[in-house]
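Enquirer: Have a look; sequence and predicted model below, questions after that.
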Amino acid sequence: MSANDVLISPEAALSESDAVFVDATWYLPSDGRSGVDAFAEGRIPGAVFHDIDAVKDPTSDLPHMAPGAAAMNRWLADNGLTGGERFIVYDRNGFMASARVWWTLRRFGFDVRLLDGGFEAWRAAGGEVETGAPAERRSVELQGSARTIRDDAVSWADVLHHVETGDALIVDARAPGRFDASEPDPRPGMVSGHIPGSINLFYRTLLDADGRMLTGEALEARLPTNDRVRPIVTTCGSGVTAAILHAAFAEAGFEDVRLYDGSWTEWAGRGDLPIETGPGD
C-alpha cells in the first residue's frame, strides 16, 4: 500500500479478505459496450458494481456529476452496505472510471483504495475471477450513513475565479489534440480548446506499460509542479479522467487538490466562458 493510502497493489489486495471490491468500469458511448456488460462477463469475486451514470446528482443535466448523500445512501442500501466497509475500487480500462469512484467514495470519508492496474493486474497476480450472474446482495434499510466529508469539487465560478486571479494551477487530463484544438471534441457540437491558463497533462502519461500508476520519483518527474502550497484544480471532458490526475497528485502527497466536476462539457457548453486554443501555458 502506498504511503499516501491511494493505491493498493493486486498482490496486497489478494489478502484483503474483508474488503468490498467495487467494479467501476465505464466506457464512452462510442465504445459500443457498457460497464454493466463487462461486470457480467467477469469480475473479482463478490464485487459490487458502481455505475457513474446511475449514482449521480439527479438534478444536473451534466453527465455523471458527483452524487449527494441521498444517491450515495441509496447505492449503499441497494448493495447491502453501510459505508463502514473497506472498499477497493477497480476497473478494466486504465482507471476509467475507478479513479472517479475512488474520488466519490473518498468525499464521503469512506475507507477506499484504488486497485493499481485494475482487473488485468488482479488476474496477472493470480486473483480469482467470477463469471455469470452476480450473486444477489440483500438490500438493507436506508440508514443515511453517507455525508460529504471532503468537499473538494469546484464549480465553473470557482474555476473562473482561479483563471482571473491565477492563484491555482489548473491541469487538464484530456488528450493533447482536444486540449490545443487540433482535433475535434468527440461530443457533437462541442468546441475544442482549453480553460485559459490551464496546462495539459494527458492522464495516460501517468501510467506504465502494465496500466499501473507511476509512483515515487517516476510520478514526481511527470507532474508539472512540486509546489505543495498552490491549489491544484484537475479537469477533463466530464470529470472522469480528471479524477485520475486527482489520484496521482494525492499519491504524490499533494493535499490541496480539487476536481472541476463539470469540466469541459460545462465550461465550453455554457457559451459565455473564455476559451483558449494552442498548446497552453
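Expert: Yep, that arrived. These numbers come from a predicted model, not from an experiment. Numbers count the residues shown, from 1 in each chain.

Enquirer: And the residue nearest the centre of the protein?
Expert: What sits nearest the mean C-alpha location of the chain, by Cα atoms, centre = their mean, is R100, with 1.9 Å.

Enquirer: Show me the helices in the chain, by range?
Expert: 10-13, 35-41, 69-78, 98-107, 118-124, 156-165, 176-180, 216-222, 242-251, 263-270 (DSSP state H).

Enquirer: The residue nearest to the centre of the chain: what's it in contact with?
Expert: Counting by Cβ atoms under 8 Å, 6 or more residues apart in numbering, R100 makes contact with A24, W26, I52, H64, G239, V240, A243. Where you see a C-beta, it was placed from the backbone N, CA and C, and this is true even at glycine.

Enquirer: Going by distance to G177, which of those residues wins?
Expert: Minimum distance to G177 across the contacts of R100 is 17.7 Å, recorded for V240 (Cβ to Cβ).

Enquirer: these two touch, right, the closest one and L28?
Expert: No: assessed by Cβ atoms under 8 Å, V240 is found out of contact with L28, at 9.1 Å.

Enquirer: More neighbours: which of those two?
Expert: When V240 and L28 are compared for neighbours, V240 comes out ahead with 23 against 14, by other Cβ atoms under 10 Å.

Enquirer: And the pLDDT at that one?
Expert: With respect to pLDDT, V240 has a value of 97.

Enquirer: List the residues that contact it.
Expert: For V240, the contacting residues are W26, I52, H64, M96, A97, A99, R100, by Cβ under 8 Å, 6+ apart.

Enquirer: And for the first one, nearest residue in space, chain neighbours not counted?
Expert: By that I understand W26. A97 (4.1 Å; Cβ to Cβ, 6 or more residues apart in numbering).

Enquirer: What about L214, how many residues nearby?
Expert: Neighbours of L214 (other Cβ under 10 Å): 18.

Enquirer: give the contact list for it.
Expert: L206, L207, D208, R222, A248.

Enquirer: quick one: the last one and L223 touch, right?
Expert: Yes: contact between A248 and L223 holds when scored by Cβ under 8 Å: they sit 7.0 Å apart.

Enquirer: Look at these two and report which has more neighbours.
Expert: A248 (29 against 18).

Enquirer: any idea of the pLDDT on the more buried one?
Expert: So, for A248, pLDDT stands at 98.

Enquirer: mind checking how far it is from A121?
Expert: According to Cβ to Cβ, to the nearest Å, A248 stands 17 Å off from A121.

Enquirer: D23 now?
Expert: 14 Å.

Enquirer: again, but for T241
Expert: T241 is 19 Å from A121, by Cβ to Cβ.

Enquirer: Between those two, tell me which one has more neighbours.
Expert: T241 (26 against 19).

Enquirer: Could you report the neighbour count for the spatially closest residue to the more buried one that is not a sequence neighbour?
Expert: Spatially, and ignoring its direct neighbours in sequence, T241 is nearest to A173 (4.0 Å; Cβ to Cβ, 6+ apart). Per other Cβ under 10 Å, the neighbour tally for A173 reads 28.

Enquirer: With the one 10 residues further on instead?
Expert: Neighbourhood size, E183 [other Cβ under 10 Å]: 13.

Enquirer: pLDDT value on the nearest residue to it once chain neighbours are set aside, please?
Expert: Residue nearest to E183 in three dimensions, not counting chain neighbours: G177, with 3.1 Å by Cβ to Cβ, 6+ apart. As predicted, G177 sits at a pLDDT of 97.

Enquirer: ok, how many other residues are close to G177?
Expert: Neighbour tally, G177, other Cβ under 10 Å: 14.

Enquirer: Run a quick check on it versus D185, I expect a contact.
Expert: No: between G177 and D185 there is no contact under Cβ under 8 Å: 9.6 Å.

Enquirer: Strands of the stretch 51-200 of the chain, start to end?
Expert: Secondary structure of the stretch 51-200 of the chain by DSSP state E, counting those that start in this stretch: the strands cover 86-90, 111-115, 153-154, 169-172, 199-200.
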